[in-house]
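> Return a 3D structure for these sequence lines:
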Amino acid sequence: MESTRTAHKMIRMAAVIGLLFSGTLAGPAAADLFEDRTPLVNGARQPMFAARKAPRVQSASLFTGRKDDGLFGAVSRHPMTGPLTDRSVAARLRDLIALAEAGRAGYDAVQYGARIRPAKPPTRMTLREIEAWTRATPGQPHAIGRYQFIPPTLRRLTAKLDLAPGTRFSPDVQDRLGDLLLAEAGLAEVQRGEITQDAFLLNLSKIWAGLPTSSGRSYYHGVAGNKATMGWERYARAVREILDG
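Next up is the predicted model:
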């Protein structure tokens, strides 16, 4: 009996190999030649082994803002994508800010100084879960997401948008929150010519510590280890090109 089963397996394998080399192995008929032995859980096949990913490490500013009042109160898709002329002014500015603040981690960035990281990627967390993580891990940085929101800023901005605690911290939600900070920095005013581009550049630097001032240093240089993550010339040139269209 065992030799018969072995012979059948050898015949089936020879047939598969012949089909592979003849270029005709495709579709359900081919799939039926193999038996899927992976575990079935809740109706779905599960991998035999779960890969464990190393925590993301991103080099961004430690915080962006400290105070809880004023224009910059409590202020704290991915690196820049595509030609600048292909996207809105706000989206292109957000790309530049994300490059300085979140690096490759993008929307799932967590401040690298956080010793205890969230159990899930930020984009899979709700605002309630982020708040719970923040309160459960005192004494460490909690800047989170593509624009590195710190807890007081995140609470203030989500309240401004009237977002429910169960709202997922999705890329779209993060972009909407980032747009609020751009508005507070004076995006509409600089576009109307009511403030200068230099003033707008400084306003952005006061919100995001990864951005430099004209000195080349972060507005918060040396405070809790903060420093600019790009040079002044690159930053100023990029912002001016975005504003000038």
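> going forward, measure contacts between C-alpha atoms and count neighbours the same way
Noted.
> Pass me the low-pLDDT residue ranges in the protein, would you?
The model of the chain has pLDDT under 70 over residues 1-86.
> In it, what residue spans correspond to helices?
Assigned by DSSP state H, the helices in the chain fall at 2-22, 27-31, 89-101, 127-136, 151-160, 171-185, 187-192, 197-207, 232-244.
> Point out the most buried one among the ones you listed.
With neighbours taken as mean count of other Cα atoms under 10 Å, the helices of the chain reach their highest mean count in helix 89-101, at a mean of 23.
> ok, back up a step: just send the helices of the chain back as JSON lines, with distance to residue 113 too.
Output for the helices of the chain, formatted as JSON lines (distance: least, Cα to Cα, whole Å):
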{"stretch": "helix 2-22", "distance to residue 113": "51"}
{"stretch": "helix 27-31", "distance to residue 113": "48"}
{"stretch": "helix 89-101", "distance to residue 113": "13"}
{"stretch": "helix 127-136", "distance to residue 113": "13"}
{"stretch": "helix 151-160", "distance to residue 113": "15"}
{"stretch": "helix 171-185", "distance to residue 113": "21"}
{"stretch": "helix 187-192", "distance to residue 113": "31"}
{"stretch": "helix 197-207", "distance to residue 113": "19"}
{"stretch": "helix 232-244", "distance to residue 113": "25"}
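> With respect to residue 223, which of those helices lies nearest?
Closest approach to residue 223 among the helices of the chain (Cα to Cα): helix 197-207, 13.0 Å.
> Nearest to residue 220, out of the helices of the chain?
With Cα to Cα, the closest approach to residue 220 among the helices of the chain belongs to helix 197-207: 7.9 Å.
> How much space separates residue 237 from residue 201?
10 Å (Cα to Cα, to the nearest Å).
> what's the neighbour count on residue 103?
By other Cα atoms under 10 Å, 20 other residues sit near residue 103.
> Same question for the one 10 residues further on.
Close neighbours of residue 113, defined as other Cα under 10 Å, add up to 17.
> can you give me phi and psi for the closest residue to it other than its chain neighbours?
Distances taken as Cα to Cα, 6 or more residues apart in numbering place residue 141 nearest to residue 113, at 6.0 Å, with adjacent residues excluded. With angles defined as degrees, to the nearest 10, residue 141 sits at phi -70, psi 150.
> and the end-to-end length of stretch 175-195?
One end of stretch 175-195 sits 24 Å from the other (Cα to Cα).
> what sits up against that stretch?
With contacts defined as Cα atoms under 8 Å, 6 or more residues apart in numbering, stretch 175-195 is touched by 71-72, 90, 94, 147, 157-158, 196-197, 200, 203-204, 207, 243.
> which among those residues gets closest to residue 231?
Using Cα to Cα, the contacts of stretch 175-195 come closest to residue 231 at residue 204, 14.2 Å.
> separation between the closest residue to the closest one other than its chain neighbours and residue 96?
The spatially closest residue to residue 204, leaving aside those adjacent along the chain, is residue 185, at 5.9 Å (Cα to Cα, 6+ apart). Residue 185 sits 15 Å away from residue 96, going by Cα to Cα.
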